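Undergrad: structural data only, the sequence is not supplied:
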């Protein structure tokens, strides 16, 4: 394939043949593979957003065991869904997953739309997820572009401009590469290639079925693609978190607003995430420091000083025993552990 060139139809056909042949005998066995159940595929794809396969597998298995059907998920309490999501992060995904299930039951008779356009009308389903479900559940021709696919296409064509999933040059190349291929097999195969062979660093080029078709390999610079934009420097916020308990050993927890960061999850009282805020009036500022924890969100870094103290009384709707805690974020689990609570 010439450097920087859009693949031809003939080149695409040869690439597809090599890719699908490789996938047939080299793909990983994953619990959501081999099914055409749109519910199972959708749950997996939502979990896999910004999370690794290794991390997702146990969550996915527990989730499908607890909510084996779309109707089960739609009928569940959001708190139960968030409980099972603890540790996966990006909790907005869980809230949208629950809302989407309810909408499909209420408006579509419990059946997912079988087109990309229909799927994209649902809460939490964007272009990538709609394409995956359409291709893998309904065998519809769809252009699947995630980070792994983006990297494969950029290297195959040696595209030199910084790319995004909506970039016209990238999409045109991706459309040509998949034209005429069996949708389910091709979508799985190209995602698998990017995840296991055409990796961001140390790609296994000598094992790649697409080596003969790869302009970046021929140029001897596969890791130069895709060209990345400079990473923005994340702002760093600070605060103080209080692990408070009463004489009965109950913890003081409060629920975050339903919308926004960590929406609907529970947390210990804290000063807020800015260095200029002051502790709540009931918290003893002289409470001993239990530790410092660091956490990184998508858009900022956070450092919290953790302090522990005993209070005489905790309101009933804020009092929890350590063995029966409501849904917590990974951040709050770090805070509680720093404060001596086993979670």
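TA: Arrived safely. Since the model is a prediction, treat every value here as computed from it, not as a measurement. Residues are numbered from 1 along each chain as shown.
Undergrad: now the spatially most central residue of the chain: closest residue in space that isn't a chain neighbour?
TA: Nearest to the mean C-alpha position of the chain, by C-alpha atoms, centre = their mean, lies residue 49 at 2.4 Å. In space, residue 49 comes closest to residue 93 once its chain neighbours are excluded; the distance is 6.3 Å by C-beta to C-beta, 6 or more residues apart in numbering. To be clear about C-beta, it is placed using only N, CA and C from the backbone, and glycine gets the same treatment.
Undergrad: contacting residues for that neighbour?
TA: Counting by C-beta atoms under 8 Å, 6 or more residues apart in numbering, residue 93 touches 46-47, 49, 85, 124.
Undergrad: next secondary structure after the one helix or strand it maps to?
TA: Assigned by DSSP states H and E, residue 93 belongs to helix 92-108. Once the chain leaves helix 92-108, the next helix or strand it forms, by DSSP H and E, is helix 116-119.
Undergrad: other SSEs contacting that next one?
TA: When contacts are defined as 3 or more C-beta pairs under 8 Å, 6 or more residues apart in numbering; DSSP states H and E, helix 116-119 sits against helix 127-138.
Undergrad: counting contacts, what elements does the helix it packs on pack onto?
TA: Other helices and strands packing on helix 127-138, by 3+ C-beta pairs under 8 Å, 6+ apart, are helix 38-48, helix 116-119, helix 183-196.
Undergrad: what mean pLDDT does the shortest one have?
TA: Averaging pLDDT along helix 116-119 gives 97.
Undergrad: what does the first one give?
TA: When pLDDT is averaged along helix 38-48, the result is 97.
Undergrad: now do the helix or strand following it against helix 92-108, angle only.
TA: As assigned by DSSP H and E, the chain's next helix or strand after helix 38-48 is helix 53-66. Interaxial angle of helix 53-66 relative to helix 92-108 (axes from the mean of the first three to the mean of the last three C-alpha atoms, to 10 degrees): 40 degrees.
Undergrad: okay, buried residues for helix 53-66 please.
TA: Across helix 53-66, burial judged by 16 or more other C-beta atoms under 10 Å covers 56, 59-60, 63-64.
Undergrad: contacts for it next, please.
TA: By C-beta under 8 Å, 6+ apart, the residues outside helix 53-66 that reach it are 28, 30-32, 40, 43-44, 47-48, 72, 80, 84-85, 87-88, 195.
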